[in-house]
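In: Would you be able to build a 3D model of this:
(one chain, ligands or ions: 1)
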Amino acid sequence: MREVKISLVGYGVVGHGVVDVLTRKRAMMKELGLDLKLISVTDHTGTIISEDGIDAQKILGEKTLTNVATSSMKGKEAIDAIASDLVIEVTPTNIVHGQPGLGHMEAALAGGKHVVTSNKGPLVVAYSRLKKLAEDNGVMLKFEATAGGTMPLISLVERTLVGNTIYGIRGIFNGTCNYILTRMAEENIPYTHALSEAQDLGIAEADPSYDVEGVDTAGKVVILANALFDMNIKYSDVDVTGITGVTPEALALAREKGYAIKLIGDVPALTVRPTLVPVGSPIAVGGTLNSAAIYTDLSGTITVSGLGAGSIETASAILSDVVSIYRTKRIDAIF
Ligand SMILES: NC(=O)c1ccc[n+]([C@@H]2O[C@H](COP(=O)([O-])OP(=O)(O)OC[C@H]3O[C@@H](n4cnc5c(N)ncnc54)[C@H](OP(=O)(O)O)[C@@H]3O)[C@@H](O)[C@H]2O)c1
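Out: Numbers count the residues shown, from 1 in each chain. A predicted model of the protein is given here:
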């Protein structure tokens, strides 16, 4: 049995999902030969540490760690001080400077710890630097959850489609935009009405600009371009148009001609824009779903879809990355 000591940094929506999933799946992971032991959780208020494994029942009912923290250590201090094998980094995204996640990831990788994350910002700002830091320290940086949530895309390309030349990836990478466009088309309502409905349902933030202006999708385009196409691009290389200018009239006209309008991110075109997609196309999914078409030489077009967000769903992608690190290591060991 391989014991893996895990530190979790960030205890919000995804952090709670990670604690829940690691607890629920601990026995199943042991059957795979992995004892995934969560030994610390850190948020902005401090850290809870237990060498024997954190008792999820003690913390899952707590919104923050204020009442249960056993140390006042914050993110970087906790990463430096706690002897974990792997850090799960799930603090808020900032795609301008990448902090605080960038500092957390640098500290973990420099300290010889694997990093698994759902946080786009550090990867958008400093992918090649982080990748090199991981390589220099003999550890892995995994980030499936950053581009499409639980939808398997990066691992699908890197592992299952290995040997294929990937010509491009096009898809819907933001569930909030997809929900708004779907509701506008279904109900023939203006953008502002669909947006307030999404806000009432908790699908859109009070300040929705990050989603509706296409910023979030463009961040995912940057990550996919750098990680899967080796393009070494920055956010400013992406040509971005959001969905705020899409009208019910345009959606109705498109539908008459057999099309939906979707916010499509495209690699390697490096564009994010409202795009006509044939209604029957596998990427023309509705509601909050994400989708991606992967164009290849050997396998033709492969299409995936799934939830781009959600506490447990995102934690599922994180768990998959964690397991893949140790499975890869086992394969390396064989050869
Ligand atoms: N939610 C999803 O479904 C989803 C899906 C895919 C990817 N993501 C990404 O995953 C990450 C986490 O998302 P989330 O929804 O869980 O966000 P969230 O609910 O805002 O949680 C972020 C957590 O990080 C804490 N935090 C902030 N600064 C910190 C610091 N310096 N050190 C330690 N902890 C700190 C926050 O505390 P305070 O809130 O008190 O500041 C909060 O506990 C984000 O980067 C997001 O873009 C989210």
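
In: May I see the buried residues of stretch 128-144?
Out: Neighbour-count burial for stretch 128-144 flags 130-131, 133-134, 139-144 (criterion: 16 or more other CB atoms under 10 Å). Where you see a C-beta, it was placed from the backbone N, CA and C, and this is true even at glycine.

In: Restricted to helices, list those residues.
Out: Per DSSP state H, helices hold the following members of these: 130-131, 133-134.

In: could I get these as TSV with distance to the ligand?
Out: Shown next, in TSV, are those (distance: CB to the nearest ligand atom, whole Å):
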residue	distance to the ligand
130	15
131	18
133	19
134	19
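
In: quick one: which of these is nearest to residue 62?
Out: Nearest to residue 62 among those, counting by CB to CB, is residue 130 at 30.6 Å.

In: quick one: secondary structure of residue 109?
Out: helix (DSSP: H, G, I helix; E, B strand; the rest coil).

In: Leaving out sequence neighbours, find the closest residue to the residue positioned nearest the centre of the chain.
Out: Relative to the mean C-alpha position of the chain, the nearest C-alpha, by CA atoms, centre = their mean, is the one of residue 146, at 2.1 Å. Excluding its sequence neighbours, the residue lying closest to residue 146 (CB to CB, 6 or more residues apart in numbering) is residue 120, at 4.6 Å.

In: Nearest to residue 203, out of the ones in helices among the buried residues of stretch 128-144: which one, please.
Out: Checking these against residue 203 by CB to CB gives residue 130 as the nearest, at 30.4 Å.

In: Wait, that closest one touches residue 123, no?
Out: Yes - under the criterion of CB atoms under 8 Å, residue 130 makes contact with residue 123 at 6.8 Å.

In: Check the ones in helices among the buried residues of stretch 128-144 and tell me the two furthest apart.
Out: Distances among those were taken as CB to CB; the most separated pair is 131 and 133, at 7.3 Å.

In: If I look at residue 242, what pLDDT would I see?
Out: Per-residue confidence (pLDDT) for residue 242: 98.

In: So it sits against residue 263, correct?
Out: Yes - with contact defined as CB under 8 Å, residue 242 and residue 263 form a contacting pair (7.2 Å).

In: Overlap of the contact sets of these two?
Out: By CB atoms under 8 Å, 6 or more residues apart in numbering, residue 242 and residue 263 have these common neighbours: 177, 214, 272.

In: Okay, buried residues for the host helix or strand of the first one please.
Out: Same thing as residue 177. In this assignment (DSSP states H and E), residue 177 forms part of helix 175-187. Applying a neighbour-count criterion of 16+ other CB under 10 Å, one finds 175-185 buried in helix 175-187.

In: Which residue does the stretch 1-150 of the chain have closest to the ligand?
Out: residue 12 (1.8 Å; CB to the nearest ligand atom).

In: shouldn't that residue be in contact with residue 90?
Out: Yes - if you go by CB under 8 Å, residue 12 and residue 90 touch, sitting 7.1 Å apart.
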